[in-house]
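Q: would you be able to build a 3D model of this:
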Amino acid sequence: MRQSALIELRQIPSIVVTLGLSFVSSGLAIVLLPSPGGTSPTWLGAAMNYQTPFTAAPIVWSVLIAIVGHLLLMRSSAGVRVRDTGGNPRAMRCFGWSLVRSKATLYGVAGVFGVLSGLSLLGFTTSADANLALRYTLLSIAAVILGGSEFIGGRVSVIGAVLGAITLTLAASFLAFLNISADWQIGMQGAILIVVLSLRVLLQRGERR
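A: Presented below is the predicted three-dimensional model:
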């Protein structure tokens, strides 16, 4: 609700508000937990370490998330309203849909997924660390953009976002396999992202011509 109010009342770009509030949340987390500690619930660790038969669990979850997200966002009336919130707000007003309500719902759903992501990370690491996920904010944005989405509202691809996240994860694993220092891995991931996006822009220009 704070995010939606700032965006609507002050007309601040949503990505700026998101990044700004993420810094505030990170500061509060450090105040609450200055040093790593604690333990994750047993059920959470068991859920994150659950192994599916025949296929690795991360692959199964990625496929399920991509399919369910695609159906909800691209094949349902609620998904149309969510995409039109950023892509065609004028059409939403013409149809009598509340733009503010749709944005508040969208940010609320994003918040729920943020909480689920935090719980998943806690289940994997088995302890809390306020500084553990600092780089995930920008990586999550990079994964969405890498998957074919754009900052312009309404142009999204759930399946592409999942593939983008998998690509960045594999890139990090490959860099670790090459024994590249962790200090350089983030920079290398950024370079890979720039190269891929540059190639995509060149291909789009070629198609337009």
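
Q: ok, and for the helix or strand encompassing Ile194, which residues are buried?
A: When elements are assigned from DSSP states H and E, Ile194 belongs to helix 182-208. Using 16 or more other Cβ atoms under 10 Å as the test for burial, helix 182-208 gives 185, 188-189, 192-193, 196. Where C-beta positions appear, they are placed from N, C-alpha and C, glycine not excepted.

Q: who are the packing partners of it?
A: Packing partners of helix 182-208 (3 or more Cβ pairs under 8 Å, 6 or more residues apart in numbering; DSSP states H and E): helix 136-146, helix 158-177.

Q: can you flag the weakest of those by average pLDDT?
A: Within the helices and strands packed on helix 182-208, the stretch with the lowest mean pLDDT is helix 136-146, showing a mean of 80.

Q: can you dump the C-alpha atoms of it in PDB for me?
A: C-alpha atoms of helix 136-146 as PDB (Å, rounded to 0.1, in the frame of the first residue of the first chain):
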ATOM      1  CA  TYR A 136      19.000 -10.400  -5.800                       C
ATOM      2  CA  THR A 137      17.000  -7.300  -6.300                       C
ATOM      3  CA  LEU A 138      18.900  -6.200  -9.400                       C
ATOM      4  CA  LEU A 139      19.300  -9.800 -10.500                       C
ATOM      5  CA  SER A 140      15.600 -10.400 -10.500                       C
ATOM      6  CA  ILE A 141      15.000  -7.300 -12.600                       C
ATOM      7  CA  ALA A 142      17.800  -8.500 -15.000                       C
ATOM      8  CA  ALA A 143      16.200 -11.900 -15.300                       C
ATOM      9  CA  VAL A 144      12.800 -10.400 -16.300                       C
ATOM     10  CA  ILE A 145      14.400  -8.100 -18.900                       C
ATOM     11  CA  LEU A 146      16.600 -10.900 -20.200                       C
END
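
Q: now it, how far from the chain's geometric center?
A: 6 Å (Cα atoms, centre = their mean, to the nearest Å).

Q: how about stretch 26-34?
A: Centroid separation for stretch 26-34 versus its chain: 22 Å, with Cα atoms, centre = their mean.

Q: what's that stretch in contact with?
A: For stretch 26-34, contacts defined as Cβ atoms under 8 Å, 6 or more residues apart in numbering pick out 128-131, 134.

Q: with stretch 185-205 instead?
A: 135, 139, 142, 145-146, 148, 168, 171-172, 175-176, 180.

Q: show me the two of those residues that sit farthest apart.
A: Gly148 and Ile180 (27.4 Å; Cβ to Cβ).

Q: just to revisit the earlier point, okay if I get the helices and strands packed on helix 182-208 as CSV plus distance to Ala66?
A: Output for those, formatted as CSV (distance: least, Cβ to Cβ, whole Å):
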stretch, distance to Ala66
helix 136-146, 12
helix 158-177, 4
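
Q: so, low pLDDT: which residues of this protein?
A: 1-11, 151-154, 207-209 (pLDDT under 70).
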